[in-house]
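**Q** Show me the folded form of this:
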Amino acid sequence: MINSNVIGDIRSINGQYCASIAQFVNPESKGALYNLGCYPVSLAHLIMQQAFGDTIFDNYTVTASGRRGKDGNICESAATIQFANGTLCQLHTAEDYGLHAEFTVLGSKGSLQLVSNPWLPEAEGN
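**A** Residues are numbered from 1 along each chain as shown. Presented below is the predicted three-dimensional model:
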């Protein structure tokens, strides 16, 4: 769908993955961004690469914040990436509350929304 231009030019990506897994996480794991955030980050990377090619990653800015858990790891993080072409990518992850996954790509002509957890093999409906 990205390559066929069904939704038009990519303008914004919003990805979120939260799950209450903190009790299972290795304290040396580097926190939620590595444990859960890697999934929406990887999918956003793939979509940006497909839509704009590898050069899209040559110039971007990142603004981010996080919250540390009792074990000292960053258990929640939120980041906004703005690419040189103006595309915004917002990513959120938390490992100490909730169970929620969401991923939306907004284009100039429409949108693409994953309605179930795209990172669980048994998820259906996307």
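
**Q** my read: E124 touches S116, true?
**A** Yes. If you go by Cβ atoms under 8 Å, E124 and S116 touch, sitting 5.8 Å apart. Backbone N, C-alpha and C define where each C-beta goes, glycine included.

**Q** Between these two, point out the one with more neighbours.
**A** Neighbours were counted for E124 and for S116 using other Cβ atoms under 10 Å; S116 has more, 13 against 8.

**Q** Longest helix in the protein, by number of residues?
**A** Secondary structure assigned by DSSP state H gives helix 38-52 as the longest helix of the chain.

**Q** What strands line up against the next helix or strand after it, and which way round?
**A** Following helix 38-52 in sequence order, the next helix or strand is strand 60-68 (DSSP states H and E). Its sheet considered, strand 60-68 pairs with strand 74-83 (antiparallel) by DSSP bridges.

**Q** Now do whichever helix or strand comes after the partner strand against strand 74-83, angle only.
**A** As assigned by DSSP H and E, the chain's next helix or strand after strand 74-83 is strand 88-94. Following axes from the mean of the first three to the mean of the last three Cα atoms, to 10 degrees, one obtains 170 degrees for the angle between strand 88-94 and strand 74-83.

**Q** Run through the neighbouring helices and strands of strand 88-94.
**A** Judged by 3 or more Cβ pairs under 8 Å, 6 or more residues apart in numbering; DSSP states H and E, the packing partners of strand 88-94 are strand 10-19, helix 38-52, strand 74-83.

**Q** returning to what we had before: just the CA atoms of the longest helix of the chain, as PDB, please.
**A** Taking Å, rounded to 0.1, in the frame of the first residue of the first chain, the C-alpha atoms of helix 38-52 are listed here in PDB:
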ATOM      1  CA  CYS A  38      11.900  -1.700  19.100                       C
ATOM      2  CA  TYR A  39       8.700  -3.000  17.400                       C
ATOM      3  CA  PRO A  40       7.100   0.400  16.400                       C
ATOM      4  CA  VAL A  41      10.500   1.900  15.700                       C
ATOM      5  CA  SER A  42      11.400  -0.900  13.300                       C
ATOM      6  CA  LEU A  43       8.000  -0.700  11.500                       C
ATOM      7  CA  ALA A  44       8.300   3.100  11.200                       C
ATOM      8  CA  HIS A  45      11.800   2.700   9.900                       C
ATOM      9  CA  LEU A  46      10.600   0.200   7.300                       C
ATOM     10  CA  ILE A  47       7.700   2.400   6.100                       C
ATOM     11  CA  MET A  48      10.000   5.500   5.900                       C
ATOM     12  CA  GLN A  49      12.500   3.500   3.900                       C
ATOM     13  CA  GLN A  50       9.900   2.200   1.500                       C
ATOM     14  CA  ALA A  51       8.300   5.600   1.000                       C
ATOM     15  CA  PHE A  52      11.500   7.700   0.700                       C
END
